[in-house]
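Asker: quick check, what structure comes out for this input:
(chains A, B, C and D, ligands or ions: 2)
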Amino acid sequence: MSVNNTRPITPELVAEHGLNEEEYQRIVELTEREPTFTELGIWSAMWNEHCSYKSSKKWLKTLPTEGPQVVYGPGENAGVVDIGDGDVVVFKMESHNHPSFIEPYQGAATGVGGILRDVFTMGARPIAAMNALRFGEPDHPKTKHLVSGVVSGVGGYGNSFGVPTVGGEVNFHPRYNGNILVNAFAAGLAKADSIYISKAEGIGLPVVYLGAKTGRDGVGGATMASAEFDDSIEEKRPTVQVGDPFTEKCLLEACLELMATGAVIAIQDMGAAGLTCSAVEMGARGDLGVRLNLDDVPVREENMTAYEMMLSESQERMLMVLRPEKEAEAKAIFVKWNLDFAIVGETTDDLRFSIHHQGEEVANLPIKELGDEAPEYDRPWVEPGTHSPQEPHVFAPPDDYSAALLHLIGSPDLCSRRWVWEQYDTLIQGNTLQLPGGDAGVVRVEGHDTKALAFSSDVTPRYVEADAYEGGKQAVAECYRNLVATGAKPLASTDNLNFGNPEKPEIMGTFVAAIRGIGEACLALDMPIVSGNVSLYNETNGEAILPTPTIGGVGLIDDWNSMARIGSADAGDVLFLVGTEATHLSQSIYQREILGEETGPAPEVDLQMERARGEFVLAAIRSGYASACHDISDGGIAIALAEMCMASGEGATCDLAITYPHAALFGEDQARYIVAVDDEWANMFAANSEGSGVSFERIGTVGGDKLIINDLVDISVEDLKTAHESWFPNFMGQQQFADAAE
Amino acid sequence: MKATVVQFPGCNRDRDMIAAITKIGGIAPQLAWHTDTELPESDLIVLPGGFSHGDYLRAGAIAARAPVMNAVRAAADKGVRVLGVCNGFQMLTEAGLLPGSLMRNSGLTFICKEVILEAVNTKNMFTERYNKGEIIRCPVAHHDGNYFADAKTLNQVEDNGQVAFRYAEGTNPNGSLNDIAGVFNAEGNVLGMMPHPENLIESAHGGEDGRRLFESVLGVLEREAA
Amino acid sequence: MADKEFKARVTVTLKNGVLDPQGKAIEGALASLNFGGVSSVRQGKVFDVNLSASSKKAAEDTLGDMCEKLLANTVIEDYAVEIVG
Amino acid sequence: MADKEFKARVTVTLKNGVLDPQGKAIEGALASLNFGGVSSVRQGKVFDVNLSASSKKAAEDTLGDMCEKLLANTVIEDYAVEIVG
Ligand SMILES: Nc1ncnc2c1ncn2[C@@H]1O[C@H](COP(=O)(O)OP(=O)(O)O)[C@@H](O)[C@H]1O
Ligand SMILES: [Mg+2]
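Answerer: Ligands and ions are numbered 1, 2, ... in the order given. Down below sits the predicted model:
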């Protein structure tokens, strides 16, 4: 079981470490000799896709990452954005896809744990979490088990840790049958003048290990996370990482206390390839060497080798460079919280990463090269093909519009996610202003009378599949819209780019085009990307997932008293459509659910129009005209109206301008909102819309107990609710029993 | 009037509780740590919600055996008011300060949502600002809130008027026997409840039904002090 | 006298009559997986404890004490102690 | 042949090396309750199952199957089946 450092380096061993021949040659060159076994492990950990971004770096560099609001962009543990009054919001999103497929509860739980750690490593107290989940088709034999495990894992960790989960996504599609996606987002609040980063400074300073003990958890995990799945996955199972949210909560409190003492020079959480990545990062960033003595690393298993300690992915651990004069004070804090605190090394001036174990130097590598000279690939890619537009008349209309709407509102992708989010603590911390179920989750800024932050996570993978460039734009645009719909000014975003095997030019082409779309949209909508994560090789038996670049957005509400909600419309309010009649049915939920097809182009996003309408809606909400607001996305205006009715418990009577009824009701044209306006303000609102040049239409009034749209739809709100609320519990009903033993 | 909030590692609604007491009572509560062997002089001791010690072994079990609990017990014996919410309720049953125990929710999952409560016994310093039989809103957020007591204990609890709150008919979220959401000890100075009144005390929370619980206990104590 | 190392297994089970939501749910799950013939399932806990004590008897006594004080909630649970090595 | 009733105990324990946060927390709690000499605690589950089967062997096979399919998470847990009555 334990492997000796003298294990000979064979071509097979190199390949097992996910390194190709060329990469290995480069390693020998940089090591200036054949690496030892431990060194090979270290190189492979630093150079795998997950840590090095070797396939994606070239393209990530093209994303807009700056703006006056951005304090720290990509490169740190999380992005940092100024929200005024000396406060900053710190956030990031990260995937835990492969581990969650293997062990859904622990995989999802440790995914949540990892992202929370990224946020509090920077000195921020986590205040909100989201989770973007994609599962295979509902009927696939594994789906229920995965949904059940992932949801309870997300909740199990976040609830115990004590962060409100205020949003997320759940989608089902056969292309995720063998490779689910679990993207976890966390945001924290900090003071602008007490942010901590990983760059070490000073020579001969103690390097301190904090938190939980090291076991053999996930040894080789980072390598696995970047490897394509095949049917032998069952055998390849490494030791699964088990999350301990209790220890993480103690670690949070201990770290924040520690930071307040001024003892911390640099700090870095141990994520993928734990000790290796964190130590190299601190040293390489600070132009320092690091010398570690593994005999001092707290371990929970016997006879751990240097290789295992360096690659272990045990959770709830941190590495820090400490001000030596503060050692006693710092240690006392960790003793109080019953966590490990051990000096395991020091910073040096030789730019070497030197590892000692049992009296032997088991690794001695150039630290800058480890950190910065990972191979960077310009992978071949082909421009994705496009689809020609399809006019509405090529799509069959439904026999019965009411029945179609009921069917859609109760379909797997559009039904209520209450079953999911009621398993998450959405209220803890006492600051939640908007729960899941609306457009964005909203949380008060503690210590401030009126400010709040809004959070949304979005992407429509079927659009990205149809047109990666437009789909990339759309993901950002929808996120922007969801924030705006609450009255938040979008501030910045994070991304989690989930794709298949980048060595396939078509996949790489999708990746490149999606990034181009995302970049353009972020620029146009002023939502710079401040952090993110790339997850490639999401394939099983050669079939890739739908390209899924998840966007997590954060917006600022100046005064939550004038915020809008999806369900705050009152009887008598006038309903306005901001935007124009829909015509785009290609790739719509209508097409998929009613016609059983997914064809044609994605809807186009006009970024100028998106911004103009968004700013108009935002101004209307902020000046108090809008009593309720909702963006129009999946399923079109009929779904959006139904969602508003269900949320407010009011009916509505609408008379839409209609050319093609099915397209008008279910078309998924972009940049559109529904705004409910108190009757008294309706004329004012209309005048303002005209003045600002934004297209709008007065479409109806709120009231009654039915949703009526022209002579097409006539359904009671009660029936809508029943259809909307029942799919998920019915689907999962049996599974609750099946996972009882866990 | 002096309130003390006891903190345990893994508690996470302590901050919510501190905020509620501060906002409603006008002054911040004193804080105690699980290893303390003595408590500051207090009129009200609060055991907050969360996952003390991760809720490992059994919810609240390890916390119930912390050194500070001896001081809590001594204070309760002297008649000091003790309020345990959620994890605090679990600790109080584990410590034997309240009857019964809290088992895994019947649906087996964690559940966070608003429920409807009936104020059952309102002749008590914790609940006197509610009307008997009044229906109030209150959020729950727990994994182990399924109240259980053997038949004899349950009868005693019912007969002595120790039921403080019940989940209103048809809204029992966790399978609790007799829809019990909160119970007093026989003397009436210790209250444990699963729902979180501290999370529904201001307009930002979308309602204030939880507020009167704090107003009751803090108000009564003020009067006594006067 | 020098202490010896013992390996013990402590089993904690719910008392008769105490509701067991997990056991009930497992019964349902087994039925839905087509395992017929199961009339009841009750879920409990085991603790594998390594401890040193002066004698087997002393180890057993200590373990009993641990159950009373922590490992079992004796209002609802029974326990059994066994030295296995 | 008529089926017989069996009482079985299924024990599910964490595999070696898998982190056991519960066991670790219990170790800490025992120490603070002044139980010295405890070097490790690992927590597992037991299921007391009453079932009918044609033979002891058949009962054991069914229980093994139940473990694989439901009672144990074989990625991180081992199980043992014992017929006790
Ligand atoms: N996994 C999840 N966790 C928490 N909330 C979720 C989750 N999935 C969906 N939701 C919530 O359900 C609501 C509907 O989701 P979705 O249809 O994706 O919203 P939108 O169309 O506005 O992007 C949103 O409020 C969202 O935050
Ligand atoms: Mg929306």
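
Asker: shaky segments in chain A?
Answerer: Within chain A, the stretches with pLDDT under 70 are A:1-4, A:220-239, A:734-742.

Asker: ok, A:H724 touching A:M646?
Answerer: Yes. Under the criterion of CB atoms under 8 Å, A:H724 makes contact with A:M646 at 5.9 Å. (Each C-beta comes from the backbone N, C-alpha and C, glycine too.)

Asker: enumerate the residues of chain C near chain D.
Answerer: Counting by CB under 8 Å from any CB of the partner chain, chain C comes close to chain D at C:3, C:5, C:11, C:13, C:23, C:26, C:29-30, C:33, C:35, C:37-53, C:62, C:65-66, C:69-71.

Asker: over to B:P99. Which of the three states is it?
Answerer: Put simply, B:P99 is coil when judged by DSSP: H, G, I helix; E, B strand; the rest coil.

Asker: can you count the residues close to A:V530?
Answerer: 32 (other CB atoms under 10 Å in any protein chain shown).

Asker: element containing it, please.
Answerer: In the assignment (DSSP states H and E), A:V530 maps to strand A:529-535.

Asker: centre of the chain to that strand, how far?
Answerer: A distance of 8 Å separates the centroid of the chain from that of strand A:529-535, by CA atoms, centre = their mean, to the nearest Å.

Asker: partners of that strand, with directions?
Answerer: Strand pairing for strand A:529-535, using DSSP bridges, gives strand A:489-498 (parallel).

Asker: stretch A:153-167 near chain B anywhere?
Answerer: Yes. Judged by CB under 8 Å from any CB, stretch A:153-167 comes into contact with chain B at A:G155, A:G156, A:N159, A:S160, A:F161, A:G162.

Asker: hmm, the first one is touching A:Y424, no?
Answerer: This points to A:G155. Yes. Applying CB under 8 Å, one finds A:G155 in contact with A:Y424, separated by 4.9 Å.

Asker: spit out the residues that contact the two alike.
Answerer: Shared contacts of A:G155 and A:Y424 (CB atoms under 8 Å, 6 or more residues apart in numbering or on different chains): A:T165, B:F110.

Asker: ok, now which ones touch the residue of chain A found nearest ligand 2?
Answerer: Proximity of chain A to ligand 2 (CB to the ion) peaks at A:D439, 3.9 Å away. When contacts are counted by CB under 8 Å, 6+ apart, A:D439 touches A:S456, A:R481, A:N482, A:L483, A:A485, A:T486, A:I566, A:C629, A:H630, A:D631.

Asker: now those residues as a markdown table including neighbour count, secondary structure and distance to ligand 2?
Answerer: Below are the contacts of A:D439 laid out as a markdown table (neighbours: other CB atoms under 10 Å in any protein chain shown; DSSP: H, G, I helix; E, B strand; the rest coil; distance: CB to the ion, whole Å):
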| residue | neighbour count | secondary structure | distance to ligand 2 |
| --- | --- | --- | --- |
| A:S456 | 33 | strand | 7 |
| A:R481 | 30 | helix | 7 |
| A:N482 | 26 | helix | 4 |
| A:L483 | 32 | helix | 10 |
| A:A485 | 31 | coil | 6 |
| A:T486 | 29 | coil | 10 |
| A:I566 | 24 | coil | 8 |
| A:C629 | 30 | strand | 10 |
| A:H630 | 27 | strand | 6 |
| A:D631 | 28 | strand | 4 |
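
Asker: with distance to chain D added, can I get those in JSON lines?
Answerer: Converted to JSON lines, these look like this (distance: CB to the nearest CB, whole Å):
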{"residue": "A:S456", "distance to chain D": "33"}
{"residue": "A:R481", "distance to chain D": "40"}
{"residue": "A:N482", "distance to chain D": "36"}
{"residue": "A:L483", "distance to chain D": "37"}
{"residue": "A:A485", "distance to chain D": "40"}
{"residue": "A:T486", "distance to chain D": "37"}
{"residue": "A:I566", "distance to chain D": "38"}
{"residue": "A:C629", "distance to chain D": "44"}
{"residue": "A:H630", "distance to chain D": "41"}
{"residue": "A:D631", "distance to chain D": "40"}
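
Asker: of these, list those near chain B.
Answerer: Applying CB under 8 Å from any CB to the contacts of A:D439, one finds that nothing falls near chain B.

Asker: Throw these into a markdown table and include distance to B:A151, thanks.
Answerer: As requested, the contacts of A:D439 are exported to a markdown table (distance: CB to CB, whole Å):
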| residue | distance to B:A151 |
| --- | --- |
| A:S456 | 51 |
| A:R481 | 57 |
| A:N482 | 52 |
| A:L483 | 54 |
| A:A485 | 53 |
| A:T486 | 51 |
| A:I566 | 47 |
| A:C629 | 54 |
| A:H630 | 51 |
| A:D631 | 55 |
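
Asker: no further queries at this time; thank you.
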